[in-house]
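Visitor: sharing a sequence plus its predicted fold:
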Amino acid sequence: MGRKTTWSAWQRRRGRRLGGLSVLVLVLLAGCAGGEHRPGAGERSRDEGAPPTAAPPARNLIVILVDTWRFDAAGFAGAKRALTPELDRWVRSGVVFEQATTPSGWTRPAVVSLMTGLYPATHGVQDKDHVAPGELTTLAEVLSARGYRTAAFVTNYAASADFGLGQGFDSFRFFEPEKAPRPVPKRKYWSIPEIDPEVSAFLEAPPAEPFFLYVHTTDPHWPYVPPPEYRLFGTDPRALYDGEVRMTDRFVASWLERLRRSGLLERSVVVLTADHGEEFFEHGGNGHGTTVFEECIRVPLVVWAPGLPAGRRTAQVSLTDLAPSLLEAARIPRPAGFADQGRSFWPVAMGVAPEDGWSWSYSELVYPDKGVAFAYREGPDKVVRIVHDKTGRKDISYLFRVSEDPFEQDDLKAREPGRFHELLARMDAIRREHVSRALEPERRELEGRARERMKGLGYVQ
Ligand SMILES: [Zn+2]
């Protein structure tokens, strides 16, 4: 059965996707359909009684997340400097989602969304001391229960097992900043050259397949302190940040090359992305975790998978879509209620469904010490509402046409009030829906070493 026929049959059963809020409802229906039996990790054949799926057949699932990597800091996204020469070659064999966003402007909520397929207001993990509650079901837990070996290598303390991110991992290697082999003043995380030996060793001798691997690297997170050989672009903060991206490019490409050489790449889905971007005063501030402008919420997202037709996609996908997508690639039924705010992106990744059903995205930031802000994009337009942020903005909203104004400099709110209020109403409806099923996060008191580590990353004073 050809891909188009397969998709058509699937689409007829599930109903057509519609734009805007209707998508939320249909995604819930699609989640129910995921309860049908599909072969799991131990039964790999996709043709024996499996319902049609657009997902490519893959045994292993690999996510490489580069902390703080803004979308336009990639050659394949038009960076002016040669930041990612090696990945620029690699993306030719993958799918680049050009309009991918993170559901949150800082690390922990974004990673919890990635692992659960829920938006931040629903999983509830938003503030600096929030811990992902045990009642949350994570992708690693679902995969582990179906026989997957699960391993994580994590360098950012904010995304460590201390905050509930270890759920479902057989092995969770957090690189303790105090033990970095080549310490650099101020830098409170292991840099990518320091973790490379362990990640490479894993890739050379992985567990018996199938496995789920999550690698979370932290350069180019502040402080920007690349080694001398990567101070290629100057010494101002942006140039040093760019140098760390260039360093990351080399190591991530070397991991992809290891996967290719061992043949694992042909049997795996590999996702390369970021948890959020970084501001360099485009809107008056710097760092991240305070606003939801494009420089903070638009992220690189590249996917490699067997049989995936390489190219670029304009679908507005979110990190929230990763868990349902990866589960579908593993041919594991989605447990009831799991990841039901995400959408499997395979129909658009595989090129068997139109991308116009993926015309909206939603992000928020509720980090009271640093900023509270919401963003909703529909088609070319985006509304941003800032409750407060660290630059002193308060109770202010904007309308931008990001297709023509990608850096959000021209506020159209006064000129197009109808459009502004339309999008604002949709954004509020989404937020209300997310809040209506909010879970209560657990909390961890930030004191002693925990406080020092969070302070070292700029997350607390
Ligand atoms: Zn981060």
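Guide: In hand now; what should we look at?
Visitor: okay, the closest residue to the ion within the chain: pLDDT?
Guide: The nearest approach of the chain to the ion comes at residue 107, 3.1 Å away (CB to the ion). For the C-beta atoms, the positions are set from N, CA and C on the backbone; glycine is no exception. We have a pLDDT of 97 for residue 107.
Visitor: now for the longest helix along the chain, which elements pack on it?
Guide: Counting residues, the longest helix found in the chain (DSSP state H) is helix 237-262. Judged by 3 or more CB pairs under 8 Å, 6 or more residues apart in numbering; DSSP states H and E, helix 237-262 is in contact with strand 60-66, helix 85-90, helix 192-204, strand 211-217, strand 268-273, strand 279-280.
Visitor: so who does the residue of the chain closest to the ion touch?
Guide: Neighbour list for residue 107: 67, 156, 158-159, 275-276 [criterion: CB atoms under 8 Å, 6 or more residues apart in numbering].
Visitor: domains in the protein, as residue ranges please.
Guide: Split into domains by automatic domain parsing, the chain comes to 60-357, 360-443.
Visitor: so can I have a markdown table of the contacts of residue 107 showing secondary structure?
Guide: Listed next are the contacts of residue 107 as a markdown table, based on DSSP: H, G, I helix; E, B strand; the rest coil:
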| residue | secondary structure |
| --- | --- |
| 67 | coil |
| 156 | coil |
| 158 | helix |
| 159 | helix |
| 275 | coil |
| 276 | coil |
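Visitor: export those to TSV and tack on neighbour count?
Guide: Listed next are those as TSV, based on neighbours: other CB atoms under 10 Å:
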residue	neighbour count
67	27
156	27
158	26
159	28
275	30
276	30
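Visitor: dump those residues to CSV, plus distance to the ion and pLDDT.
Guide: As requested, these are exported to CSV (distance: CB to the ion, whole Å; pLDDT from 0 to 100):
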residue, distance to the ion, pLDDT
67, 4, 98
156, 6, 97
158, 7, 95
159, 7, 96
275, 4, 98
276, 5, 98
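Visitor: residues of this structure that sit close to the ion?
Guide: When proximity is defined as CB under 5 Å from the ion, the chain approaches the ion at 67, 107, 275.
Visitor: spatially central residue for the chain, please.
Guide: When CA atoms, centre = their mean is applied to the chain, the residue found nearest the centroid is residue 319 (3.5 Å).
Visitor: could you find the closest non-adjacent residue to it?
Guide: Setting aside the residues directly before and after it, residue 319 is nearest to residue 114 in space (CB to CB, 6 or more residues apart in numbering), at 4.6 Å.
Visitor: where does the one you found fall, secondary structure wise?
Guide: Using DSSP states H and E, residue 114 falls within helix 107-116.
Visitor: could I get that helix in CSV with only the CA atoms?
Guide: Coordinates of each C-alpha in helix 107-116 appear next as CSV, following Å, rounded to 0.1, in the frame of the first residue of the first chain:
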residue,chain,number,x,y,z
THR,A,107,14.7,24.4,30.3
ARG,A,108,12.7,22.4,32.8
PRO,A,109,9.1,23.1,31.5
ALA,A,110,10.3,22.5,27.9
VAL,A,111,12.0,19.2,28.7
VAL,A,112,9.0,18.0,30.7
SER,A,113,6.8,18.8,27.7
LEU,A,114,9.1,17.0,25.4
MET,A,115,8.9,13.9,27.7
THR,A,116,5.2,14.0,28.4
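Visitor: roughly how far out does that helix sit from the chain middle?
Guide: Centroid separation between helix 107-116 and its chain, computed with CA atoms, centre = their mean, to the nearest Å, is 7 Å.
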